[in-house]
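Enquirer: Next one to model:
(4 chains)
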2 protein chains.
Amino acid sequence: MPPETRTKSETTVDSASSRRSRASGRVTLSDVAQAAGVSPMTVSRALRGERRVAPALVDKVREVAASLGYVPDLAARALASQKSTQVLVLVPMLSNTLFVEVLEAVHKVLFSQGYHMLIGVTHYDPAEEEQLLRAYLPMRPAGLLLTGFDHSEESRKLLAANPVPRVHLMELREPGSGPDCYSVGFSQIAAGAEMTRHLLDKGYRRIAFCGAQLDARVMQRLEGYRQVLKQVGLYDQSLEILNPERSSLALGARQFETLLKAQTTVDAIFFCNDDIAQGALLEANRMGVKVPQQVAIAGFNDLPGSDQMVPPLTTIHTPRDEVGSTAAGMLLQLLAGDTVREASVDLGFRLVPRAST
Amino acid sequence: MPPETRTKSETTVDSASSRRSRASGRVTLSDVAQAAGVSPMTVSRALRGERRVAPALVDKVREVAASLGYVPDLAARALASQKSTQVLVLVPMLSNTLFVEVLEAVHKVLFSQGYHMLIGVTHYDPAEEEQLLRAYLPMRPAGLLLTGFDHSEESRKLLAANPVPRVHLMELREPGSGPDCYSVGFSQIAAGAEMTRHLLDKGYRRIAFCGAQLDARVMQRLEGYRQVLKQVGLYDQSLEILNPERSSLALGARQFETLLKAQTTVDAIFFCNDDIAQGALLEANRMGVKVPQQVAIAGFNDLPGSDQMVPPLTTIHTPRDEVGSTAAGMLLQLLAGDTVREASVDLGFRLVPRAST
DNA sequence: TCAAGTCTGGATAGCGCTATCATAATCAAG
DNA sequence: CTTGATTATGATAGCGCTATCCAGACTTGA
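Expert: Numbering: from 1, shown residues only, chains lettered A, B, ... in the order given. The predicted structure is shown next:
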């Protein structure tokens, strides 16, 4: 009896029609199997390329699947195989180009390996992060990519209860954070210090720091700034302008104005992020303040556009692409069960001196 | 016999231990059910609030579930119920703040109703969109949110083969596009025309158009520009600078320079997007060209920062938030099976005249 | 030639959850 | 009090797919 005449799968059809139908009417693996005259298991294997299946069969199955318009059901696959293709990525904010670039890099690496990004935006709020974890963990993501180490106690518990390979982005691993703590980033403190040193080298003595958002990373840059200035005895707390608002051009403009109108003299300003620095540059333009002659301005992150400013903005270039692709690669290794050599990868940063200082 | 002593679920345990174990070791519904002394079905209902369950039981189940650290498995739920909580949203680009704002609005509405966004970035490439559809459709998203109507033939087939409620963003429904075609946006042509009219009203006569990316929406704005200028007999094809590159400040600067150095005279430039307009403004500053005295500059979309430019940029404000939340709301209605009154919602736009024109 | 290994395809049994039907319990109405 | 209607819970049977075990068919090597 040729295999085509076999009618094994009839039972399925029978039982389905004899009772209330829950079937979705979609083309399933069994449909493809029946049409191709093989078992569902063979179709599954042929389509996934798992194990060895006779090349002729593979072709036939592929063909039949295509002609039937078969679309595999990832939910079913995830349930049966106990592993999903989803990777949850939590970033603070998409309006900050920084993270968009990280996401692009992550996506590129992950997608090419058959994984999919689930993007969550925390708005720099640990509570929101927790809420997102609660919502997305039930999807049983295969891996996790989190920004920084600043999580709520509840989040930590959730993470502990759902042991999923996880890599932290943008910051470096905390010294004593256990063996399973992976991170890819650079030292925000060192970067903050480097910029401050650059300003000192340029001869500036009254160096202000403007911070927005005040997330962990901004505070670390501030820390670097403080360390350097204290070292040379030039630290002055009144030169720190910290505002928890979201960073924006408008905020930068306001902070610049505030500093210039204050009684204290300032000869350089280190902005925690390029966007507020850009805002300051524009405000300087409006106020007729000459940069860098009257006051120097520096930013952080080297966001798109900073090189276009008038004058071009001195900043710290941060390796977003590399952070994204390295972290994704690391996660892939963890998912594959490989051991990861460096649990904490320092990608460094680069001072980009331009005309604004 | 009190229900607590029943040992129904033992069979599960037995069969699992008697053969190879595929169990994941996670806490499942049955575990909660056993611990609470009720059936899995009751736990399922209690936790989801579906149907009526005795309040006392609900509390008990909730409590037990929490104490056990139970996390429902959405893949299993999706498989059993044949519906997922995922909504696939495809946008062209995240580095364009425009779409980030749309996504934020969509997320807010969808998340509050228990749905989750799957974000895909097409990079303005129909082929990439197709690839994303192919990758994400197997997740059986409950709904789809697509940008524009510019899809590949293959994509259309995929969409036809996977009938999922779908709303298109940013553009309005094509005239004869069937009954199941929903859209939320505004007329890009009308917006392009409006800006052109504004420039005419301001007395400009040699009005150039600078376009980047050249996606469908940009071409529609261009169309509006052409229509108006042809009407008054001022259309000049040599004043159109179209570049398929991604829009960026640098590109805007280049386009501005090109136009000013050309032999043709120009007294106003309509940029298809604020970012290139901003780049042009900065270039004008560098070149010492006075805006708007020597040449007026207008943008499109009213992106953050345009009001901060020197001079502030005249632009068209587009309703990103509303597009996002309205589209999400519409999709929710479709998902609930409600009939949607307006298949095509025109949210309009608003001319924002500022000092650059 | 035959035992031991290698391959390929199939049968079976769930993954964890919910739809659906069945049943016991409760209730309104006669 | 009955009796039919309405609950609340439970039992059962999959959703569509894959892990795992099996069983022939085919290789080998001696």
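Enquirer: Determine the three-state secondary structure at residue A:149.
Expert: What DSSP: H, G, I helix; E, B strand; the rest coil gives for residue A:149 is coil.
Enquirer: Tell me the pLDDT of it.
Expert: In the predicted model, residue A:149 carries a pLDDT score of 93.
Enquirer: and the residue of the stretch 1-150 of chain A found nearest DNA strand C, how many neighbours does it have?
Expert: The stretch 1-150 of chain A approaches DNA strand C most closely through residue A:52 (2.6 Å), counting by C-beta to the nearest atom of the strand. Quick note: C-beta positions are derived from backbone N, CA and C, even for glycine. Residues contacting residue A:52 under the criterion other C-beta atoms under 10 Å in any protein chain shown number 8.
Enquirer: cool, and residue A:316?
Expert: When neighbours are counted by other C-beta under 10 Å, residue A:316 registers 24.
Enquirer: Specify the beta-bridge partners of it.
Expert: Listed by DSSP bridges, the beta-bridge partners for residue A:316 are residue A:351.
Enquirer: how much space between it and residue B:239?
Expert: According to C-beta to C-beta, to the nearest Å, residue A:316 stands 41 Å off from residue B:239.
Enquirer: Check the residue of the stretch 1-150 of chain A closest to DNA strand C and give its pLDDT.
Expert: For residue A:52, the predicted pLDDT is 80.
Enquirer: try residue A:277
Expert: So residue A:277 comes in at 98 (pLDDT).
Enquirer: residue contacts, it?
Expert: A:252, A:269, A:271, A:297-300, A:306, A:313, A:315, A:356 (C-beta atoms under 8 Å, 6 or more residues apart in numbering or on different chains).
Enquirer: Could you do residue A:148 as well?
Expert: So, once contact is read as C-beta under 8 Å, 6+ apart, residue A:148 ends up touching A:168-171, A:215-217.
Enquirer: Chain A: helices as residue ranges?
Expert: For chain A, applying DSSP state H gives helices covering A:10-18, A:29-36, A:40-48, A:55-68, A:74-81, A:97-112, A:126-136, A:153-161, A:188-201, A:216-231, A:249-261, A:274-287, A:320-336.
Enquirer: Pick the most buried one from those.
Expert: helix A:274-287 (a mean of 25; mean count of other C-beta atoms under 10 Å in any protein chain shown).
Enquirer: Just the CA atoms of that helix, as CSV, please.
Expert: The C-alpha coordinates for helix A:274-287 follow below in CSV (Å, rounded to 0.1, in the frame of the first residue of the first chain):
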residue,chain,number,x,y,z
ASP,A,274,23.8,65.7,24.6
ASP,A,275,20.2,66.7,24.3
ILE,A,276,20.3,69.2,27.2
ALA,A,277,23.7,70.3,26.0
GLN,A,278,22.2,71.0,22.5
GLY,A,279,19.4,72.9,24.1
ALA,A,280,22.0,75.0,26.0
LEU,A,281,23.9,75.7,22.8
LEU,A,282,20.8,77.0,21.2
GLU,A,283,20.0,79.1,24.2
ALA,A,284,23.5,80.5,24.2
ASN,A,285,22.9,81.4,20.5
ARG,A,286,19.7,83.2,21.5
MET,A,287,21.3,85.0,24.4
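Enquirer: if I look at residue A:84, how far off is chain B?
Expert: 7 Å (C-beta to the nearest C-beta, to the nearest Å).
Enquirer: and that residue, how many neighbours does it have?
Expert: 23.
Enquirer: Low-confidence stretches in chain A?
Expert: A:1-24, A:174-179 (pLDDT under 70).
Enquirer: what about stretch A:133-144, near DNA strand C?
Expert: No: judged by C-beta under 7 Å from any atom of the strand, stretch A:133-144 and DNA strand C are separated, with a smallest distance of 8.1 Å.
Enquirer: Quick check: end-to-end length of that stretch?
Expert: Its first and final residues considered, stretch A:133-144 spans 10 Å by C-alpha to C-alpha, to the nearest Å.
Enquirer: try stretch A:196-216
Expert: End-to-end distance for stretch A:196-216: 18 Å, by C-alpha to C-alpha.
Enquirer: Could you check that stretch against chain B for contacts?
Expert: No: judged by C-beta under 8 Å from any C-beta of the partner chain, stretch A:196-216 makes no contact with chain B; its nearest approach is 13.7 Å.
Enquirer: Was I right to think residue A:343 contacts residue A:168?
Expert: No: when contacts are counted by C-beta atoms under 8 Å, residue A:343 is not listed as touching residue A:168 (10.3 Å).
Enquirer: Can you name the residues of the stretch 1-150 of chain A sitting close to chain B?
Expert: Checking the stretch 1-150 of chain A against chain B by C-beta under 8 Å from any C-beta, the hits are A:22, A:24, A:69, A:71-76, A:78-79, A:82, A:84, A:94-95, A:97, A:100-101, A:103-104, A:107, A:111, A:116-119, A:121, A:135-140.
Enquirer: quick revisit: residues bridging contact with residue A:343 and residue A:168, i.e. touching both?
Expert: A:181-183.
Enquirer: Buried members of these into PyMOL, please.
Expert: A single PyMOL command is used to select the members of those judged buried by 16 or more other C-beta atoms under 10 Å in any protein chain shown:
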select buried, chain A and resi 182+183
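Enquirer: Excluding residues flanking it in the chain, which one is nearest residue A:249?
Expert: Sequence neighbours aside, residue A:279 is the residue nearest to residue A:249 in space, at 3.5 Å (criterion: C-beta to C-beta, 6 or more residues apart in numbering or on different chains).
Enquirer: how about that neighbour, what does it touch?
Expert: If you count contacts by C-beta under 8 Å, 6+ apart, residue A:279 has them with A:248-256, B:305, B:308.
Enquirer: hang on, isn't residue A:31 packed against residue A:70?
Expert: Yes: with contact defined as C-beta under 8 Å, residue A:31 counts as touching residue A:70 (7.2 Å).
Enquirer: With adjacent residues omitted, what lies nearest to residue A:164?
Expert: residue A:144 is the one closest to residue A:164 (C-beta to C-beta, 6+ apart), at 5.2 Å.
Enquirer: how near is the closest residue to residue A:306 other than its chain neighbours to DNA strand C?
Expert: Using C-beta to C-beta, 6+ apart and skipping the chain neighbours, the partner closest in space to residue A:306 is residue A:313 (4.1 Å). Using C-beta to the nearest atom of the strand, to the nearest Å, we find residue A:313 at a distance of 52 Å from DNA strand C.
Enquirer: show me the contacts for residue A:313.
Expert: Neighbours of residue A:313 in contact, by C-beta under 8 Å, 6+ apart: A:274, A:277-278, A:281, A:297-299, A:306-307, A:354, A:356.
Enquirer: Could you measure from residue A:302 over to DNA strand D?
Expert: The value you get for residue A:302 to DNA strand D, if C-beta to the nearest atom of the strand is used, is 44 Å.
Enquirer: next one: residue A:210
Expert: Using C-beta to the nearest atom of the strand, residue A:210 is found at 53 Å from DNA strand D.
Enquirer: same thing with residue A:327?
Expert: 26 Å.
Enquirer: looking at it, that residue is touching residue A:145, isn't it?
Expert: Yes: with contact defined as C-beta under 8 Å, residue A:327 reaches residue A:145; the gap is 5.9 Å.
Enquirer: Overlap of the contact sets of these two?
Expert: With C-beta under 8 Å, 6+ apart, residue A:327 and residue A:145 have common neighbours A:106, A:167, A:169.
Enquirer: Tell me the residues of the stretch 201-350 of chain A that contact chain B?
Expert: Within the stretch 201-350 of chain A, the positions near chain B by C-beta under 8 Å from any C-beta are A:248-250, A:253, A:278-279, A:282-283, A:285-286, A:304-305, A:307-310.
Enquirer: hmm, which two among the residues you listed are most spread apart?
Expert: A:286 and A:304 (22.3 Å; C-beta to C-beta).
Enquirer: Give the bridge partners for residue A:169, please.
Expert: Bridge pairing for residue A:169 - DSSP bridges - gives residue A:147, residue A:184.
Enquirer: Let me see the contact set for it.
Expert: Counting by C-beta under 8 Å, 6+ apart, residue A:169 makes contact with A:91, A:102, A:145-148, A:183-185, A:323-324, A:327.
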